[in-house]
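S.K.: Structure, please.
(2 chains)
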Amino acid sequence: MKRAAGTIAVLVNNLEGVFQLSVLQGVEEVAAANGLGLVAHPLVGLLSPDAVRAEVAEVLRGARGVMVLANALADDHLAVVAESGLPVTLISHDTQDLELPTMMFDNHQGVALLMQHVVEACGRRLPVFVGGDASQLDARERESAFRDEVVRHGLTVPPENYLRGEFTPRLAADALAAFLAGGGQCDAVVAADYLMAIEAQAVMRAAGLRVPEDLAVVGFGDGPEAVAAGVTTVAADVVELGRRAARQLMAQLSGQPLVGSTLLSTHLVRRSSSC
Amino acid sequence: MTPIKATREQLRDHNRRLVLRMLYQDEVNTRAALATVTGLTKPTISNLVGELIDEGLVIEEGLGRASGSGGKRPTLLAFNRRARHLIGVALSGKRVSAVLTDLAGESSAVHVLDLRGSGEEAVVSAVQSVVAALLPQLDAPLLAVGVAVPGRVRPGTGVVRRSAVLNLDDSPLAELLATRLGVPVHVGNLAELCALGQHSFGPQGSAATGTLVTVTLDEDLELGVVLHPSGAHFGSELSGPMIDELRLGWTAFKLRAAELRGESHSSLPEGGDLRYLHVRSAEERGDATARQLVLELAAGLARPLAWIVSLLQPTQVSLAGGVTDLGEAFLQRLAAEASLLLGPGALDDLELTLAYSNRLGAMGAVALANLTELGLVA
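M.R.: Here you go, the predicted model:
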């Protein structure tokens, strides 16, 4: 076994989420194959910029390269990482002012595929959208893409059909239950992630609605839970996202300066929750 | 002796491309069948297939059934789409986007970058950057890079004759990029490559059996053509006072929107925030300014469309670029305006479609690279 010739620091917003753990798994595989170790740092509970600055400085000490996952750091704190001079790759995040390369899913392409399926193949005209955590770029892009597709398909979706699920299945379930209790109308659920889509399917069935006969349910991203629940998704393999980001960082470590956004393609996986 | 050698090499290259194309299109899958359909001798086929297997482009996939008269079971052959990767780059005045695909055009990643500045060095550096960003994502050797450029490209040379939006004049872009990137680079006009991308990787409409014309409208109006049955392709921007008068580009559209907004109340967003999607959505809600904008655009675009239909008699005309966000209603209005110019029934046999993909130019650049390097087209 190769001895680790340094480490990659990965800054994350939490260490419990399925998304975060899957990304870390992918990064670790590639890092290990290149003789590097991985140290994950959850940046939580740090309120003052000075505290974040101190923590980041500590984290960066000894690291060969840095990855920042989603909204783990605000832009001004990202500047601290950029100033360190270490190679940096952002995952599922973007920043206008700092020229840091980004690796993320092609959210617009993925949502377009989901909507094409729901509207054109399944003939649904009144979807409800379950959005993610708006502090994360993925959530903002997926909602923006959904709104564009609504216009492209000539649909009229009332404001009450836009729900906040915050990428948290329990909150998605609460929002949908409240929507139904308030007399909300829909013939499809489009969720900003597959875990919320799985929960949506359960809520709808519990309310006596038939999936997919009365209601199609689809979500962004894919994982074994979606296979088990039979939920249609656009496959966006989160472990692969971690691997791809790590490959990018390896190129940067070898001296290749990189800028711009790399978007990973997704594809539709039809299951029993839709037509 | 030299000319004879060249001819033999050309013949061999032609045969190799023929064999590879047969396997790529999945028409045959044994050495014997290849010999039958190509008319080449079995030893020639064996040599060519052996070479393609050595290069990884063809793989052996077990044994097929013996022929009716018994005998040895043939080894099945298959095209290995993952043996090489291709990168297709599309340039606009503001952005560079590049798509990484396998040999069948299946994309695994896209890289996008804002284009800072214009002129030869800015363009070459930007293309170099997007390609560099995709190199770590390769799972196989990079075969070639294709580049789609708005403007006029000298056919077959990779020289950009003129691109107003990129500020290029007589720029040997393919040669400059090949030197920097160390792989073959092929350059074509953006609309030409949009047409080629649609022809190669798009949903197979009537374009499979007839001439396809792709009209792209973003900052400028461009025209790309794939002819049937030869597969010959060409394209260029349409420019000059005659086109300027039609006020078709995005800048002209925005200026007109501002003028009309000054005349009456409108729900359209102002200036930089305006998109075609806003216009479509406002028109559907009964906004008079949006309606006027769409009517004027349809009337303007109908003129070049009428010339295209009369001259090329295409089976399919596909509208591409940002304007596709105006949707099917715009397409119907465009057809109605063109019919007024051409007379009744002139568009009856024409399939008028929207090519929604914002990756069409980059996919066309992939198709150009694939076609030039390996002779492959779907």
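
S.K.: so where's the chain uncertain?
M.R.: Using chain A. Judged by pLDDT under 70, chain A has its weakly predicted residues at A:1-4, A:45-47.

S.K.: You answered for a different chain; I wanted chain B.
M.R.: B:1-6, B:68, B:203-208, B:378.

S.K.: Now do the strands in the stretch 51-200 of chain A.
M.R.: A:63-69, A:88-91, A:102-105, A:127-131, A:162-164, A:188-191 (DSSP state E, counting those that start in this stretch).

S.K.: Actually, the stretch 1-150 of chain B.
M.R.: Under DSSP E, counting those that start in this stretch, the stretch 1-150 of chain B gives strands at B:58-63, B:75-79, B:85-91, B:95-101, B:107-114, B:142-149.

S.K.: I'd like the ones you listed as JSON lines, with distance to A:Ala82 appended.
M.R.: (Each C-beta comes from the backbone N, C-alpha and C, glycine too.) Output for the strands of the stretch 1-150 of chain B, formatted as JSON lines (distance: least, Cβ to Cβ, whole Å):
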{"stretch": "strand B:58-63", "distance to A:Ala82": "45"}
{"stretch": "strand B:75-79", "distance to A:Ala82": "45"}
{"stretch": "strand B:85-91", "distance to A:Ala82": "27"}
{"stretch": "strand B:95-101", "distance to A:Ala82": "22"}
{"stretch": "strand B:107-114", "distance to A:Ala82": "17"}
{"stretch": "strand B:142-149", "distance to A:Ala82": "29"}
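
S.K.: Can you say which of these is nearest to chain A?
M.R.: With distances scored as Cβ to the nearest Cβ, the stretch of these nearest to chain A is strand B:107-114 (3.6 Å).

S.K.: What pairs with that closest one, parallel or antiparallel?
M.R.: strand A:261-264 (antiparallel), strand B:95-101 (antiparallel) (DSSP bridges).

S.K.: out of those, nearest to A:Val18?
M.R.: Each of these has some distance to A:Val18 by Cβ to Cβ; the shortest is strand A:261-264, at 17.5 Å.

S.K.: returning to that earlier point: tabulate the strands paired with strand B:107-114 (a markdown table), appending mean neighbour count and distance to A:Val190.
M.R.: Output for these, formatted as a markdown table (neighbours: other Cβ atoms under 10 Å in any protein chain shown; distance: least, Cβ to Cβ, whole Å):
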| stretch | mean neighbour count | distance to A:Val190 |
| --- | --- | --- |
| strand A:261-264 | 23 | 20 |
| strand B:95-101 | 25 | 25 |
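
S.K.: Indicate which one of these is closest to B:Ala83.
M.R.: Using Cβ to Cβ, the strands paired with strand B:107-114 put strand B:95-101 closest to B:Ala83, at 12.7 Å.

S.K.: Just want the angle from that closest one to strand B:85-91.
M.R.: 160 degrees (axes from the mean of the first three to the mean of the last three Cα atoms, to 10 degrees).

S.K.: Show me how the chain divides into domains.
M.R.: You didn't say which chain, so I picked chain A. Chain A breaks down into these domains under automatic domain parsing: A:7-104+A:238-263, A:107-235.

S.K.: let's do chain B instead
M.R.: Chain B resolves into domains spanning B:2-79, B:85-197+B:360-374, B:199-355 when parsed by automatic domain parsing.

S.K.: if you compare those domains, which one is most tucked away?
M.R.: Ranked by mean neighbour count, these are led by domain B:85-197+B:360-374 with a mean of 22 (mean count of other Cβ atoms under 10 Å in any protein chain shown).

S.K.: and that domain, how far apart are its ends?
M.R.: 12 Å (Cα to Cα, to the nearest Å).

S.K.: One more: stretch A:164-175?
M.R.: Distance between the two ends of stretch A:164-175: 7 Å, counting by Cα to Cα.

S.K.: All the helices of the stretch 51-200 of chain B, residue numbers only.
M.R.: Ranges of helices within the stretch 51-200 of chain B are B:120-134, B:173-181, B:190-201, based on DSSP state H, counting those that start in this stretch.

S.K.: Correction: the previous question concerned the stretch 1-150 of chain A.
M.R.: Counting by DSSP H, counting those that start in this stretch, the helices of the stretch 1-150 of chain A are A:18-33, A:49-60, A:75-83, A:107-115, A:137-152.

S.K.: Check the stretch 251-378 of chain B too.
M.R.: Listed in chain order, the helices of the stretch 251-378 of chain B (DSSP H, counting those that start in this stretch) span B:276-284, B:288-312, B:327-342, B:360-374.

S.K.: ok, and what's touching the shortest one?
M.R.: Defining contact as Cβ atoms under 8 Å, 6 or more residues apart in numbering or on different chains, one finds that helix B:276-284 is touched by A:148, A:151-152, A:154, B:257, B:266-269, B:289-291, B:293-294, B:322-327, B:329-330.

S.K.: by how many degrees do that helix and helix B:288-312 diverge?
M.R.: 110 degrees.

S.K.: Residues of the stretch 151-300 of chain B that sit close to chain A?
M.R.: B:Leu277, B:Arg280, B:Ser281, B:Glu284 (Cβ under 8 Å from any Cβ of the partner chain).

S.K.: before we move on, back to that, CSV for the domains of chain A, including distance to B:Ala122?
M.R.: Formatted as CSV, the domains of chain A follow (distance: least, Cβ to Cβ, whole Å):
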stretch, distance to B:Ala122
domain A:7-104+A:238-263, 14
domain A:107-235, 26
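
S.K.: Ok, which of these comes nearest B:Leu143?
M.R.: Closest to B:Leu143 of the domains of chain A is domain A:7-104+A:238-263 (Cβ to Cβ; 19.4 Å).

S.K.: Test of understanding: give the bridge partners of B:Gly70.
M.R.: Beta-bridge pairing for B:Gly70 (DSSP bridges): B:Ser67.

S.K.: Could you measure from it over to B:Ile45?
M.R.: B:Gly70 sits at a distance of 22 Å from B:Ile45 (criterion: Cβ to Cβ, to the nearest Å).

S.K.: and A:Ala229, how many neighbours?
M.R.: A:Ala229 is flanked by 20 other residues according to other Cβ atoms under 10 Å in any protein chain shown.

S.K.: show me the contacts for the closest residue to it other than its chain neighbours.
M.R.: Residue nearest to A:Ala229 in three dimensions, not counting chain neighbours: A:Ile198, with 4.4 Å by Cβ to Cβ, 6 or more residues apart in numbering or on different chains. When contacts are counted by Cβ under 8 Å, 6+ apart, A:Ile198 touches A:Pro169, A:Gly219, A:Glu225, A:Ala226, A:Ala229, A:Val231.
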